[in-house]
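Novice: Give me a model of this one.
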Amino acid sequence: MRILTTTARRHPAAVAATGAALAVLLAGCGSTAPTASDDEETGSGGGWEYTDDRGETISLDAPPENVVVQVNAAAALVDLGFEPTAVFGPRELADGEPDPQAGDVDPETPSVGTEWGEFDMESYLALEPDLVITIAYGDALWYVPEESTDQIQDAAPILAVQLQDVPADEAVQKFTDLAAALGADVDSEAVTAAQEDFDAASAELAEAAEANPGVSVMATNTSADLMNVAKPGFFSDLSYFQAQGVEFVEPDGGEAPNWHDLSWEQASTYEADVILADTRPNSLPADELADIPTWAELPAVQADQVGGWHAETPMSHSKLAPVIRELAELIEGADPDVV
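Specialist: A predicted model of the protein is given here:
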């Protein structure tokens with residue numbers, strides 16, 4: 001099951017047909033705070049216990065040492081001082097550049113899979129894993145192949161961090177709690193400084209939105225056939241930006257919980273002063289978008305008010321702060337009367 005667009009180039013329209021059912025089915029999959037034993041809080045002691053966002057309690061005889069982590073979750077944990085044993089998911093773009101979703105994960109960290117649906121069981125089992133950590137969107141475990149889930153869990157329990165409908169600040173706290181449970185020093189000078197910078201960036205965004213009211217913003221993901229308008233509440237970053245005062249377009253159509261998928265003939269369905277165009281490889285780059293007449297006719301495009309949407313930014317203070325500042329600068333300089 002696939003809920004969110006990924007760098008695997010699988011398009012968001014793939015989930016549109018099941019979106020309405022998922023919206024109901026997944027409504028109860030919130031951000032339940034983990035329960036912690038004394039041992040879990042310190043990452044030491046005889047045993048280890050953690051309740052994930054699915055409500056599943058993981059009990060181990062000892063704190064986990066060999067931990068295999070989905071790369072975007074790994075990036076968040078690395079920024080908090082925890083180093084994974086191995087990762088899975090994309091770390092490199094097609095041009096060989098680092099994938100932003102991998103953050104500061106050590107490129108020498110072993111990988112058990114880089115593509116959607118790829119999970120090297122032989123390499124995974126050779127690691128003798130104690131724990132697997134991944135992101136969840138609803139009940140979808142990110143980059144964990146459905147057909148391999150049972151076999152993966154036979155070797156080590158899967159811990160899920162729910163991000164659907166979870167604002168970025170809450171998402172960061174989830175990873176902070178988890179990193180602490182894994183033994184990281186989340187009160188370190190570096191972690192504290194990153195939080196302070198995040199708070200300062202957030203204040204800058206709120207100030208920009210207040211100083212330039214009425215700037216409407218629309219986030220999009222595009223393909224040759226479709227322009228998909230994001231429903232901001234689904235996405236951790238967009239919902240957090242919205243909480244700081246950014247006025248997002250709220251699509252009222254589409255069955256999927258995350259997108260309203262529009263044909264290019266329908267591209268003018270929603271109007272916005274500013275467009276945030278998805279920067280991931282599965283979304284069209286600016287030069288290809290320029291060749292689509294209905295894109296070129298959008299008011300924000302004609303006003304040259306198009307910025308980047310960095311949709312897979314790791315949920316860490318240090319990675320989010322520059323993204324927030326980029327948006328603050330865009331809002332500050334935008335004309336609110338384009339539409």
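
Novice: Let me see the ranges of the strands in the stretch 151-300 of the chain.
Specialist: Using DSSP state E, counting those that start in this stretch, the strands of the stretch 151-300 of the chain run over residues 158-162, 216-222, 226-230, 247-248, 259-263, 274-278.

Novice: can you list the residues that contact the shortest one?
Specialist: The list of residues contacting strand 247-248 from outside it, by Cβ atoms under 8 Å, 6 or more residues apart in numbering, reads A209, P213, G214, V215, S216, V217, M218, A219, P232, L238, F241, Q242. Using the backbone N, CA and C atoms, a C-beta is placed for each residue, glycine as well.

Novice: now stretch 113-121
Specialist: 6, 8, 10, 88-92, 112, 143-145, 148, 151-152.

Novice: Next: stretch 321-339.
Specialist: By Cβ under 8 Å, 6+ apart, the surrounding residues in contact with stretch 321-339 are 194, 197-198, 200-202, 204-205, 207-209, 211-217, 237, 241, 244, 246, 271-274, 276, 299-300, 303, 305, 307-308, 310, 313.

Novice: What score does the residue in the chain sticking out farthest from the centre have for pLDDT?
Specialist: For the chain, the largest distance from the centre (Cα atoms, centre = their mean) belongs to G46, which lies 33.6 Å off. Here the pLDDT value assigned to G46 is 79.

Novice: Quick one: name whatever helix or strand follows whichever strand or helix holds A76.
Specialist: Per DSSP states H and E: A76 is located in helix 71-78. The helix or strand immediately downstream of helix 71-78 is strand 86-88, counting by DSSP H and E.

Novice: and that following strand, what other elements does it pack with?
Specialist: Contacts defined by 3 or more Cβ pairs under 8 Å, 6 or more residues apart in numbering; DSSP states H and E place strand 86-88 against strand 67-70, helix 71-78.

Novice: Pick the most buried one from those.
Specialist: The highest mean neighbour count among the helices and strands packed on strand 86-88, using mean count of other Cβ atoms under 10 Å, belongs to helix 71-78: a mean of 28.

Novice: Just the angle for that helix relative to strand 158-162, thanks.
Specialist: Calculated by axes from the mean of the first three to the mean of the last three Cα atoms, to 10 degrees, helix 71-78 forms an angle of 80 degrees with strand 158-162.

Novice: Looking at helix 71-78 now, give me its mean pLDDT.
Specialist: 99.

Novice: With stretch 94-113 instead?
Specialist: On average, the pLDDT along stretch 94-113 is 95.

Novice: that older thread, can you flag the buried ones in the contacts of strand 247-248?
Specialist: The neighbour-count criterion (16 or more other Cβ atoms under 10 Å) marks A209, V215, S216, V217, M218, A219, P232, L238, F241, Q242 among the contacts of strand 247-248 as buried.
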